[in-house]
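>>> okay, structure incoming, though there's no sequence with it:
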């Protein structure tokens, strides 16, 4: 597979849209001008308390103020902690870096824990640069992603190219692009109605907003909800010269610096302080010349209780530095042992670190919220689903969990396809529900089976 940037202008052709991304529908925190959470907005539903807490922190950051070491989200699994962290990054800017790691990732590494965390921190700090470039700009009116089986796992489809049609008020142009741009289209994700910008030289894609012709809201089975920021379709030619802003991370520049000095095939897991110092000096020179600016991104650490005392000590020092990302921790533990010690602490976090965090809680959603979340999820996955099937999934979400209900959607689509149906109906939900069980059901099943085996063993004695 070639990694080259390839853009070729071709004649228009009919196309379709394919999208990916588990939280691709989240575009912000869904707050009004008074920092009050709107019921359904920016892809988020409910969790008003946590969203408003996150919004206040974002406002302080935009004002140049540092609210302690960051935010700790506490709540049961599947209550939207990751989505809120992504919403914070999107509120800070469409190009603001978002990095998500899990506390358990520090175990079994081939590099030092502190190096792993340092790389995560530098991936969460952006360098925003301005350059005059040749770009393709317009509203996406047609999009087709070309895929083929992944060589190392033929059951996985990877993008090999794409056909994309962009339109301005004055011109329409269809482009054939290579795999790098195609995978970026999936990653963002880009869909029909989005206004985007593609760097003609590097293939870098910037999502500028949603075309105003598509409307501010999406009308679904459970009502209308705000979906994105609206902008007008651009004017002029599709290909043009303009001053564009693009963002890379400090870690990206670290890696580029290594490859420049030691060869493209060089791989180094641990990056030396000397390399980072040179990169910092280079970035500082760009800032002094007003060619770039540093922007704080969001570093989200799930399962924060799995971090050990050494990791917390490193984070505490790193976050005291002049420029650091916004830290968002998440946990579902109450009182537990701090890893690497015999001390118990709230949420498994050392007290000196905990005292520097603002804490907000996430709650289980109610049935109406579950219904709206499932509808938005179906929209993001491009699934056609009947209102009755959504209602059935909402009942499953209330009885078991939102995550379990959401996970049943794609299997139900597979069953519908196998039966030759284009829309997911209650019969398809019933089918997958009879096959896939919830965690509580699996635990109860094994308890009953083990109890039965014990009874038989005693009876046969």
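Done, it's in. Since the structure is predicted, the reported quantities are computational estimates derived from the model, not experimental observations. Numbering: from 1, shown residues only.

>>> please count neighbours and contacts with C-alpha atoms only from this point.
Noted.

>>> need the distance between the two termini of stretch 83-99.
Terminal residues of stretch 83-99 lie 12 Å apart, using CA to CA, to the nearest Å.

>>> pull out the buried positions in it.
83-92, 95-99 (16 or more other CA atoms under 10 Å).

>>> do the same with stretch 33-42
Residues of stretch 33-42 classed as buried by neighbour count (16+ other CA under 10 Å): 35, 36, 37, 38, 40, 41, 42.

>>> what's the answer for stretch 190-204, then?
190-200, 202-204.

>>> same question for stretch 116-129.
So stretch 116-129, judged by 16+ other CA under 10 Å, has buried residues 116-129.

>>> can I get those in TSV with pLDDT, distance to residue 364 and secondary structure?
As requested, the buried residues of stretch 116-129 are exported to TSV (pLDDT from 0 to 100; distance: CA to CA, whole Å; DSSP: H, G, I helix; E, B strand; the rest coil):
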residue	pLDDT	distance to residue 364	secondary structure
116	93	33	helix
117	94	31	helix
118	94	34	helix
119	93	33	helix
120	94	30	helix
121	94	30	helix
122	94	33	helix
123	94	32	helix
124	94	29	coil
125	93	32	strand
126	92	34	strand
127	92	37	strand
128	90	38	strand
129	86	41	strand
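
>>> what helix or strand is residue 34 located in?
Under DSSP states H and E, no helix or strand contains residue 34.

>>> pLDDT score for it?
pLDDT for residue 34: 92.

>>> then residue 10?
With respect to pLDDT, residue 10 scores 62.

>>> do the same with residue 5
For residue 5, the pLDDT comes out at 62.

>>> neighbours of residue 449, just the number please.
Around residue 449 there are 12 other residues, counting by other CA atoms under 10 Å.

>>> this structure: helices as residue ranges?
Along the chain, the stretches classed as helices by DSSP state H are 48-62, 81-92, 113-123, 179-187, 250-262, 273-288, 309-318, 351-354, 367-380, 387-399, 402-407, 409-418, 426-435, 439-460.

>>> wait, what's in contact with residue 86?
Residues in contact with residue 86 (CA atoms under 8 Å, 6 or more residues apart in numbering) are 23, 26, 28, 98, 298.

>>> re the thing from before, from the buried residues of stretch 33-42, pick the one nearest residue 182.
When these are ranked by distance to residue 182 (CA to CA), residue 42 comes first, at 25.0 Å.

>>> residue 87 versus that closest one, what's the distance?
8 Å.

>>> format the buried residues of stretch 190-204 as CSV; extra columns: distance to residue 339.
Formatted as CSV, the buried residues of stretch 190-204 follow (distance: CA to CA, whole Å):
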residue, distance to residue 339
190, 41
191, 44
192, 47
193, 48
194, 46
195, 47
196, 45
197, 46
198, 46
199, 46
200, 49
202, 44
203, 44
204, 41
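
>>> closest one to residue 234 among the helices of the chain?
helix 179-187 (19.4 Å).

>>> contact partners of stretch 344-359?
Residues outside stretch 344-359 that contact it (CA under 8 Å, 6+ apart): 67-74, 304-306, 309, 312, 316, 331-339.

>>> select only the buried ones of those residues in ChimeraX?
To isolate the buried ones among these in ChimeraX, judged by 16+ other CA under 10 Å, type:
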select :67,68,69,70,71,72,73,74,304,305,306,309,312,331,332,333,337,338,339
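
>>> among the contacts of stretch 344-359, which are located in strands?
Using DSSP state E, the subset of the contacts of stretch 344-359 located in strands is 70, 71, 72, 73, 74, 331, 335, 336, 337.

>>> and the least confident of these?
Among those, residue 70 carries the weakest pLDDT, at 89.

>>> ok, now how distant is it from residue 453?
Counting by CA to CA, the separation of residue 70 from residue 453 is 51 Å.

>>> same question for residue 82.
For residue 82 relative to residue 453 (CA to CA), the value is 41 Å.

>>> ok, those two, which is more surrounded?
residue 82 (19 against 12).

>>> in contact with the more buried one, which residues?
Listed by CA under 8 Å, 6+ apart, the contact set of residue 82 reads 300, 302.

>>> reformat the buried residues of stretch 190-204 as a markdown table; add distance to residue 212 and pLDDT.
As requested, the buried residues of stretch 190-204 are arranged in a markdown table below (distance: CA to CA, whole Å; pLDDT from 0 to 100):
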| residue | distance to residue 212 | pLDDT |
| --- | --- | --- |
| 190 | 16 | 87 |
| 191 | 14 | 86 |
| 192 | 12 | 90 |
| 193 | 9 | 90 |
| 194 | 9 | 91 |
| 195 | 10 | 92 |
| 196 | 13 | 92 |
| 197 | 16 | 91 |
| 198 | 20 | 91 |
| 199 | 23 | 87 |
| 200 | 25 | 87 |
| 202 | 28 | 80 |
| 203 | 25 | 85 |
| 204 | 23 | 82 |
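
>>> return the member of those nearest to residue 429.
Using CA to CA, residue 191 comes nearest to residue 429 of these, at 27.4 Å.

>>> per-residue confidence at residue 181?
Value for residue 181, per-residue pLDDT: 89.

>>> no wait, residue 352
Per-residue pLDDT puts residue 352 at 91.

>>> what is the burial count for it?
Using other CA under 10 Å, residue 352 has 11 neighbouring residues.

>>> from residue 346, how far out is it?
Taken as CA to CA, the span from residue 352 to residue 346 is 11 Å.

>>> just send the buried residues of stretch 116-129 back as a markdown table, with distance to residue 252 too.
Below are the buried residues of stretch 116-129 laid out as a markdown table (distance: CA to CA, whole Å):
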| residue | distance to residue 252 |
| --- | --- |
| 116 | 15 |
| 117 | 15 |
| 118 | 13 |
| 119 | 10 |
| 120 | 11 |
| 121 | 12 |
| 122 | 8 |
| 123 | 7 |
| 124 | 10 |
| 125 | 10 |
| 126 | 9 |
| 127 | 10 |
| 128 | 12 |
| 129 | 13 |
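
>>> fine, thanks again, bye for now.
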